[in-house]
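Asker: sequence unknown, structure follows:
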């Protein structure tokens, strides 16, 4: 089963989304968006980019 995007209020006139895994684990929380249209656009961007995104390891190892 796929994860779930939940749209929630983030103040009087702002919204954010939470991405939860199918077991209920919270995976990500978005920044706040000023409208439902904007938060849906944010979800669409995550859905389109996450599947093809590269994993970049930026850790710094001691020398």
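Answerer: Sure thing, it's come through. This one's a predicted model, so the numbers in the text were calculated from it and none came from an experiment. Numbering: from 1, shown residues only.
Asker: tell me where the model's unsure across the chain.
Answerer: 1 (pLDDT under 70).
Asker: can you show me the helices along it?
Answerer: 36-50 (DSSP state H).
Asker: show me where it has its strands.
Answerer: 4-9, 15-20, 26-29 (DSSP state E).
Asker: most tightly surrounded among these?
Answerer: strand 15-20 (a mean of 18; mean count of other CB atoms under 10 Å). Glycine gets a C-beta too; all of them are placed from N, C-alpha and C.
Asker: mind putting the strands of the chain in CSV, distance to residue 45 included?
Answerer: Listed next are the strands of the chain as CSV, based on distance: least, CB to CB, whole Å:
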stretch, distance to residue 45
strand 4-9, 12
strand 15-20, 11
strand 26-29, 12
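Asker: nearest to residue 37, out of these?
Answerer: The closest of those to residue 37 is strand 15-20. By CB to CB, the value is 9.8 Å.
Asker: list the helices and strands the closest one packs on?
Answerer: Secondary-structure packing of strand 15-20 (3 or more CB pairs under 8 Å, 6 or more residues apart in numbering; DSSP states H and E): strand 4-9, strand 26-29, helix 36-50.
Asker: for that strand, what is the distance to the chain centroid?
Answerer: Between the centre of strand 15-20 and the centre of its chain there are 6 Å (CA atoms, centre = their mean, to the nearest Å).
Asker: could you check the angle that strand makes with strand 4-9?
Answerer: 150 degrees (axes from the mean of the first three to the mean of the last three CA atoms, to 10 degrees).
Asker: tell me the angle of strand 15-20 relative to helix 36-50?
Answerer: 30 degrees.
Asker: ok so, going back, can I get the helices and strands packed on strand 15-20 in a markdown table with distance to residue 16?
Answerer: Below are the helices and strands packed on strand 15-20 laid out as a markdown table (distance: least, CB to CB, whole Å):
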| stretch | distance to residue 16 |
| --- | --- |
| strand 4-9 | 6 |
| strand 26-29 | 6 |
| helix 36-50 | 7 |
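Asker: to residue 15, which of these lies closest?
Answerer: Closest among the helices and strands packed on strand 15-20, using CB to CB: helix 36-50, at 4.4 Å.
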